[in-house]
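Asker: model this:
(one chain, ligands or ions: 2)
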Amino acid sequence: MEKNLWYKNLVFYEVHTRAFFDSNNDGIGDLRGLTQKLDYLKHLGVDCIWLLPIYPSPLKDDGYDISDFYNVHPDLGTLDDFKTLVEETHKRGMRIIADLVVNHTSDQCAWFKEAESNPDSPYRDYYVWSDTDQKYSDARIIFIDTEQSNWTWNEKAGKYFWHRFYDCQPDLNYDNPAVREEMKSIMRFWLDMGIDGFRADAVPYLIEREGTNCENLPETHEYLKELRALIDRDYPDCILLAEANQWPQDLRPYFGNGDEFHMAFRFPLMPRIYKSIAAGDTTSMINILEKTPEIPENCQWCTFLRNHDELTVEMVTEDEREFLWNFYAPEARMRLNLGIRRRLAPLMGGDPYKIELLYALLFSLPGAPIIYFGDEIGMGDNIWLNDRDGVRTPMQWSAAKNAGFSEREDGRLFLPVIDQGDYRYQVLNVENQMKDENSLFNRLRGLIALRKQNDIFDTQEMEFLFRENKGLFAILRGSRRDGLICVHNLTDTPQPVDLSGFNVRVLTQSANQSSSYINTEDGTLLLEPYAYVWFKINS
Ligand SMILES: OC[C@H]1O[C@H](O[C@H]2O[C@H](CO)[C@@H](O)[C@H](O)[C@H]2O)[C@H](O)[C@@H](O)[C@@H]1O
Ligand SMILES: [Ca+2]
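Answerer: Ligands and ions are numbered 1, 2, ... in the order given. All right, here's what the predicted structure looks like:
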């Protein structure tokens, strides 16, 4: 593989530094703590770490409200700690990317403070102001549970300012050349410290135009291409990963002609994986995969099951949303905005076979998979915490005090550990799972290793098999001569799989597949409920 296409078959890991490991026992995870745990990530098979925002922030949106783009939040450490983290990550042969919050700042950012109080300041035009709150009325509200409008009145300025997220997150004005340059300086600042790229936050919303929904505008793509040009020119081994929660036809343009983003999260697929396993019917998942246009050769999808936000059900039909809500969020508290604030394991009813099945399915698909911290051990959630905090509780390292996350004596952590129920840290923790060869952690680790041994996963090639059986998700990766067949049963009943046309051997299978015996009479495999088998075709 060409040097600068390293991202095509990586395993990513999303880390919330604040929640990962506390090195100085103040109850808050930090950069030094994360550095101490790099060997753990290496052992799991992680290739690239994505850091949630680590910048100074009043934390009204857990760091996505940045008050200083050129520093590290004092809770998390210093710029030197950051440099050490990058160096230590690289020493272990891993990569690291950071969050780039392009769309907005905090209202506590010095730029906004100056902008609101001084009409003559160059920072005034860093933001989007109006005398009325009626402009751009076709733009939807994203945080519908808290925001009534995308405009908020600012007393000091005597004007409304524009914000697509919380009213403490004023949008930057990308019609201003100074803002366009500022974001490039921010990129250079962090890239010069050796990081391998950015996950770019909320990219569809950069520019507003009357009469549009202010998403995915041509002017926005034009600017994003400028950011890519900067990378290609000065940091050619680095990547940009797009967070654009959009329908396939609107998501595809973020790759441009291979000249915009290197990668994009595969948002349209994710909720449909959950729908498929709930309904025991893979139709919606297969349909969306088929509907998604091809992507350029130098680009790659980033596939995922969960992340730090609510499980978004924005980009599904109303019927699909109702189905997902009824199935996965029966209690009102589980819903947030247009989403579900729960982690993977509770969504799967704590069933380790279903969790492993979904990972196998994810790993079988084209794209580089990403694991959300804690999901590799099946951590639980706490829906009673504020906003999305319930899926961001401290990492459960061991049965020791504070889940081994922090030695803070009085137990006052940035968020409480999960210490009740099936997911309590006393039972569910890294230490226990590392000792058990059949744990979710070790099963996942095995799958990751296997994926890395097979170059076929670098490609986009995929053919659906056995489509007449809607309970199966079966794909051929590579050629019928020497490729792989990955078969997953998303139903609660055994499913026959007719392999008579193929000469195959088992590569791996789920722990609940009692045998992978193929009947020699008719070439049929009986796939157990929620089981999977991956085969290698004998060439
Ligand atoms: O910085 C503001 C937010 O940006 C990302 O938001 C995305 O998540 C939203 C759901 O929480 C989703 O509805 C939206 O389409 C996305 O842009 C970021 O991941 C959030 O944590 C952050 O609040
Ligand atoms: Ca700390």
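
Asker: and the closest residue to residue 448 other than its chain neighbours, what does it touch?
Answerer: In this structure, residue 448 finds its nearest non-sequential neighbour in residue 45, 3.6 Å apart by C-beta to C-beta, 6 or more residues apart in numbering. To be clear about C-beta, it is placed using only N, CA and C from the backbone, and glycine gets the same treatment. Counting by C-beta atoms under 8 Å, 6 or more residues apart in numbering, residue 45 touches 11, 445, 448-449, 452.

Asker: which of the residues you listed sits closest to ligand 1?
Answerer: residue 11 (20.2 Å; C-beta to the nearest ligand atom).

Asker: please name the residues that touch residue 99.
Answerer: Per C-beta under 8 Å, 6+ apart, neighbours of residue 99: 50-54, 63-64, 198-199, 201.

Asker: try 10 Å
Answerer: 14, 50-55, 63-64, 66, 190, 198-201, 241, 243 (C-beta atoms under 10 Å, 6 or more residues apart in numbering).

Asker: what do you get for residue 516?
Answerer: By C-beta under 10 Å, 6+ apart, residue 516 lies in contact with 487, 504-510, 525-528, 531, 533-535.

Asker: could you flag which of the residues you listed are buried?
Answerer: 487, 504, 507-510, 525-528, 531, 533-535 (16 or more other C-beta atoms under 10 Å).

Asker: that older thread, quick check: pLDDT value at the residue nearest to residue 448.
Answerer: Residue 45 carries a pLDDT value of 98.

Asker: what of residue 292?
Answerer: For residue 292, the predicted pLDDT is 88.

Asker: check which element follows the longest helix along the chain along the chain.
Answerer: Longest helix in the chain by number of residues (criterion: DSSP state H): helix 218-234. Note on helix 218-234: by DSSP states H and E, the next helix or strand toward the C-terminus is strand 239-242.

Asker: if we can go back for a sec, sitting in strands, which of the buried ones among the contacts of residue 516 do you find?
Answerer: 487, 504, 507-509, 525-527, 533-535 (DSSP state E).

Asker: check contacts around residue 52.
Answerer: So residue 52 contacts 14-20, 62-64, 98-99, 199, 201, 307-308, 373, 392 (C-beta under 10 Å, 6+ apart).

Asker: then residue 146?
Answerer: Residue 146 touches 165-167, 336-337, 387, counting by C-beta under 10 Å, 6+ apart.

Asker: let me know the helix or strand that residue 357 is in.
Answerer: helix 352-364.

Asker: okay if I get the contacts of residue 45 as a markdown table plus pLDDT, neighbour count and distance to ligand 1?
Answerer: Shown next, in a markdown table, are these (pLDDT from 0 to 100; neighbours: other C-beta atoms under 10 Å; distance: C-beta to the nearest ligand atom, whole Å):
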| residue | pLDDT | neighbour count | distance to ligand 1 |
| --- | --- | --- | --- |
| 11 | 97 | 22 | 20 |
| 445 | 98 | 18 | 27 |
| 448 | 97 | 19 | 24 |
| 449 | 96 | 13 | 30 |
| 452 | 93 | 14 | 28 |
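
Asker: now, which of those lie within strands?
Answerer: Per DSSP E, the contacts of residue 45 never map to strands.

Asker: dig out what the residue lying closest to residue 489 once chain neighbours are set aside forms beta bridges with.
Answerer: Nearest non-adjacent residue to residue 489, counting by C-beta to C-beta, 6+ apart: residue 527, 4.3 Å away. Under the criterion DSSP bridges, residue 527 forms beta bridges with residue 495.

Asker: how about the contacts made by the residue in the stretch 201-350 of the chain positioned nearest to ligand 2?
Answerer: For the stretch 201-350 of the chain, the residue closest to ligand 2 is residue 308, as judged by C-beta to the ion, at 19.0 Å. When contacts are counted by C-beta under 10 Å, 6+ apart, residue 308 touches 14-16, 19, 52, 62-64, 372-373, 388-389, 391-392.

Asker: measure it to residue 177 for me?
Answerer: 33 Å (C-beta to C-beta, to the nearest Å).

Asker: same thing with residue 504?
Answerer: 59 Å.

Asker: hmm, back to that, next, give me the two most distant ones among the contacts of residue 146.
Answerer: Largest separation among the contacts of residue 146 by C-beta to C-beta: 167 and 336, giving 17.2 Å.

Asker: what about these two, which has more around it?
Answerer: residue 336 (22 against 19; other C-beta atoms under 10 Å).

Asker: how about the nearest residue to residue 450, chain neighbours excluded?
Answerer: Residue 450's closest residue in space is residue 508 (C-beta to C-beta, 6+ apart), at 5.6 Å.

Asker: so where do the strands sit in the stretch 251-400 of the chain?
Answerer: For the stretch 251-400 of the chain, the strands defined by DSSP state E, counting those that start in this stretch cover 263-265, 300-304, 311-312, 335-336, 339-340, 368-372.

Asker: now those strands in a markdown table, with distance to ligand 2 and mean pLDDT?
Answerer: Shown next, in a markdown table, are the strands of the stretch 251-400 of the chain (distance: least, C-beta to the ion, whole Å; pLDDT from 0 to 100):
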| stretch | distance to ligand 2 | mean pLDDT |
| --- | --- | --- |
| strand 263-265 | 29 | 98 |
| strand 300-304 | 27 | 97 |
| strand 311-312 | 29 | 98 |
| strand 335-336 | 28 | 97 |
| strand 339-340 | 30 | 98 |
| strand 368-372 | 21 | 97 |
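
Asker: between those strands, which one is nearest to ligand 1?
Answerer: strand 311-312 (5.2 Å).

Asker: what pLDDT does residue 1 get?
Answerer: pLDDT at residue 1 comes out at 44.

Asker: for the residue of the stretch 301-450 of the chain found nearest ligand 2, grab the count of nearby residues.
Answerer: Nearest residue of the stretch 301-450 of the chain to ligand 2 (C-beta to the ion) works out as residue 406 at 7.1 Å. Using other C-beta under 10 Å, the number of residues around residue 406 comes to 27.
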